[in-house]
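[1] sequence and predicted structure below; questions after.
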Amino acid sequence: MAILLAARLDAAVGQDDREGVHGREFADTKVGRLVLRLPEPEQRRAALHLHQELCLVVRRRPGEQPVRALAELPLRWTADQAEELVGRVIGRLPRVWTRTYGMLALPVAAVESLGPDEQVALRADVAQLARWLPLVDTSQGERSRLHRRMDALLLPEGSGLHWSVLDDDDAYGPRMRAEHAGLLASPGVAELLVHCVTLEQVRAGMRWRKRAAELVGAAPRGAEAVRALVAGFADQPEGRAVMRWAYGDVGRPRGLTGRANTCLVRGLLWVLADLATAGAGPAGEEAVRLVAGCARNAGTGIGGKGGDSRNEQVANTAVAVLGGFDGGLAASAVGELASLRAAVRHQGVLKKAERAQREMAARSGLAPSQLRERAVPTAGLDGEHRREVALPDGSTAVLAVDGAGRASLAFVTAAGRRVVAPPASAKREAAGEVARMREELKALRKLLAAERLRLEELLASGASWSGAEWQSCYADHPVVGAQAKALLWEVCPAEAGEDGWRAGLPERAGAGWVLAAADGTAVPVGAADRVRLWHPLRAEVAEVAAWRTEVTGRELRQPFKQVFREIYPLTPAEEATGGYSNRFAAQVLRFGQARSLMAARGWSATHLGFWDSGYEGEAVRVVPAAGPVEWRARFDYQLVEETRTLSGLGELCSTNRVRFERQAAGGRAWVPVALVEVPPLVLSEALRDVDLFVGVASIAGDPDWRDAAEGRLAARWHEAAFGELPPSAEMRKEALARLLPRTRIADRVELAGRFLRVRGDRAAYRIHLGSGNVLVEPHDAYLCIVPARQQGAAGRVFLPFEEDGGMLAVVLSKAFLLADDASITDPTITRQLPPVAAKAAVSGG
């Protein structure tokens, strides 16, 4: 009988589909007439069969209408039948790939027909069923009605936390339920959280926020709950977000929260911001830090790195919330938005953060950099850039920042001895304080990295300050001041013109500051004077050389390249091309490494790969510049591989043109411009970035390419590995000319064109200053040396700057190694060299 009924139902559904009865009343269809004549037990059997077919058949339209209609009939279902219907949808039946309204409505109707005890037994399954409701393709009205029916089954009056709040589709929900059970059960909290879950977009409207404020006011511990849940998300580790799929539970190691908890956190962020503004919640500064923590945690990639985002929706909402802070919290919020660049690589999130900074600056009437510099925390350091904390065992922890902007934590024992590791007594008696100081060291290092990047952007932009602003925000600042003192500044008296700028290094003079010039004179800095960072592009050649000698003589290590900074003036060839530069074209780069460098330098770069539009890409950056006009650089590149890679992503790219655009203040359109119209500082800084990408990511730096490259790539490798020096390598050559005479190998080395020539006991060598590759004389045999992490004697040589890519240190380490080649014991190197007996022949050459 059951088989016969199933066959008749399938035939009726098929005939209705062929006749196109969609839109008719159910009673006017063939399957409707068949089902409505059946007794109720047979109607339930028919509903079970049609529902199963709807779950299994990919083409669902013919079976959807009958199941919808049967869900409206007052059928008396058994508990087993209801459990079977629910189980099909939540994943116990194979091949259930998508869900329709009818697929959910019939199980809900079946559970509604049961007694209270039977409904309670199925509540967990219904909660799983409810999580599919947002994904059902139906009208908002139908979805809302079904939502209310599920609420009635899952949340009887006074039963506690709503099923959609802190669910178990991720690790965050169960963790918060376990850690804050008492808080979540307090009066009014459940209703507040249900309201938060309803926020499905980035920004919360005024009506939504007004209702949230009412619910917080009605919950005695509402503000406490909001803070606890936001703080929990800010430090939520990656888990395995679980979704119910056809073949069981599938862990997705992506993201921090499922869909419902994502909406919850979005709502909580806006409630927290309103509480901070109204003074009813956590302190405003703490609220800013918590929101920023959510932005960082959600905005970083899987594993804390990469260009993806663990939860882009939450990250975007957190950025919008930070951008909404005004008044006394605006400066802190801008600082947190700016610091995202140190951790987040997702370009969409970073663009929104930059736009939020500009909007906040416009509201305050200040530039974004001015807002940011007023919000830099002191980290508890004093004017000497250090903080001492007495520990219970009698020792002292010392947190300090040196002139190069490097933070360190040391300890002074009760006997007065300075040590790097905490004394044993401190580990026993002050373990909590020691752990807290180590956490503060990590936070300080992050802050210093962000400030180093900000200072370099200010150098590139040509920004200036009054003497009073400079002293307050830079020279006297406990954190920034450590880096500022190692940098070269210029001061211009208020009454002087552009010819009145004089450069020097900051030195304290009573309550104020002077700049110590290279000739030994002291240039006072008045409160009304203009101050800016010195840039070699604006200086005469003799002045640049003098300052490089001064910095090297003082062994002053700068936090970034300033005195030894490369400059890129416009060339006649670029004037001839007009709108683009080919200075760094036709270079082959390892694309993954190049793209990581681009992201670190603030460029937004498209992917390359074997798909439509994946064969060409570009990197774009808004270059820091003073004045009302914004400038943007565009760097083109193409896919090199002709054969598809296993991943489908491009591994090599060939560089092409660099172009520039400008945008007037208040405008939206970017207009291409000729290179002669680009400010020299903008042009130089953009081309310096491109030189960095080429210098660090070039295949020339990969020794494996010597044997692996074929055809045109082999020629490209040799040209890049031993060819002409780019400006960055020329600067490396000048630095070596100043450093090598101060080393113990000075009598064994000499600079010869593109190479550093080293005389060892086994042979003579030439190290290319651009790639670091080594040739052995007299036949120019290639010598493969893989740089060690520890640079040995070279690591103890003073370097005036920390170079991106570390090539200066690599060249020095190879020079020290080869100058004493008789002591080399590594067989991977010695088997490439002649024996020590060849010493006489070498010294004769």
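    Cool, got the structure.

[2] switch to C-alpha atoms for all contacts and neighbour counts from now on
    Noted.

[3] nearest residue to the middle of the chain?
    Val344 (1.3 Å; C-alpha atoms, centre = their mean).

[4] how is that one assigned, secondary-structure-wise?
    coil (DSSP: H, G, I helix; E, B strand; the rest coil).

[5] helix or strand for Arg548, just tell me which one.
    helix 541-554 (DSSP states H and E).

[6] now for that helix, which elements pack on it?
    Using 3 or more C-alpha pairs under 8 Å, 6 or more residues apart in numbering; DSSP states H and E, the elements in contact with helix 541-554 are helix 727-739.

[7] mind listing what's buried in the next helix-or-strand element following the helix it packs on?
    Sequence order places strand 749-752 as the next helix or strand after helix 727-739, per DSSP H and E. Residues of strand 749-752 classed as buried: 749-751 (neighbour count, 16 or more other C-alpha atoms under 10 Å).

[8] if you count residues, which strand in the chain comes out on top?
    strand 652-663 (DSSP state E).

[9] list the contacts of it.
    579-592, 629-641, 669-675, 678, 687 (C-alpha atoms under 8 Å, 6 or more residues apart in numbering).

[10] quick one: the closest residue to Val678 other than its chain neighbours from Pro680, how far?
    Spatial nearest neighbour of Val678, chain neighbours left out: Phe660 (7.4 Å); criterion: C-alpha to C-alpha, 6 or more residues apart in numbering. Phe660 sits 12 Å away from Pro680, going by C-alpha to C-alpha, to the nearest Å.

[11] if we can go back for a sec, let me know the closest of the buried residues of strand 749-752 to Leu515.
    Leu515 lies nearest to Leu751 out of the buried residues of strand 749-752, by C-alpha to C-alpha, at 34.4 Å.

[12] got a list of what the residue nearest to the closest one when sequence neighbours are not counted touches?
    Nearest residue to Leu751, sequence neighbours excluded (C-alpha to C-alpha, 6+ apart): Arg757, at 6.0 Å. Taking C-alpha under 8 Å, 6+ apart, we find Arg757 in contact with 749-751, 764-767.

[13] kindly report the same for Val640.
    Neighbour list for Val640: 588, 650, 652-654 [criterion: C-alpha under 8 Å, 6+ apart].

[14] which residues in the stretch 551-700 of the chain form helices?
    572-577, 591-600, 680-697 (DSSP state H, counting those that start in this stretch).

[15] nearest to Arg76, out of those helices?
    helix 591-600 (61.9 Å).

[16] what comes into contact with the closest one?
    Residues outside helix 591-600 that contact it (C-alpha under 8 Å, 6+ apart): 341-342, 345, 604-605, 619, 650-653, 693-694, 696-697.

[17] list just the nearest of these to Leu104.
    The closest of those, once distances to Leu104 are taken by C-alpha to C-alpha, is Arg345, at 40.0 Å.

[18] is that closest one in contact with Asn297, as I believe?
    No. Counting by C-alpha atoms under 8 Å, Arg345 stays clear of Asn297, with 11.9 Å between them.

[19] where in the stretch 51-200 of the chain is pLDDT low?
    Scanning the stretch 51-200 of the chain for pLDDT under 70 picks out 57-61, 92-98, 155-160, 163-164, 168-169.

[20] can I get stretch 432-450 in CSV, CA atoms only?
    Coordinates of each C-alpha in stretch 432-450 appear next as CSV, following Å, rounded to 0.1, in the frame of the first residue of the first chain:
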residue,chain,number,x,y,z
GLY,A,432,52.1,37.6,38.3
GLU,A,433,54.0,40.9,38.1
VAL,A,434,56.7,39.5,35.9
ALA,A,435,54.0,38.0,33.5
ARG,A,436,52.3,41.4,33.4
MET,A,437,55.5,43.2,32.6
ARG,A,438,56.2,40.8,29.7
GLU,A,439,52.7,41.5,28.4
GLU,A,440,53.4,45.3,28.6
LEU,A,441,56.7,44.7,26.7
LYS,A,442,54.7,43.0,23.9
ALA,A,443,52.2,45.9,23.8
LEU,A,444,55.1,48.5,23.8
ARG,A,445,56.8,46.8,20.9
LYS,A,446,53.6,46.9,18.9
LEU,A,447,53.1,50.6,19.8
LEU,A,448,56.7,51.3,18.7
ALA,A,449,56.3,49.5,15.4
ALA,A,450,53.1,51.6,14.7
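
[21] what mean pLDDT would you report for it?
    Throughout stretch 432-450, pLDDT has a mean value of 89.

[22] may I see the buried residues of it?
    The neighbour-count check on stretch 432-450 (16+ other C-alpha under 10 Å) flags 433-434, 437-438, 440-441, 444-448, 450 as buried.

[23] what's the offset of that stretch from the middle of its chain?
    20 Å (C-alpha atoms, centre = their mean, to the nearest Å).
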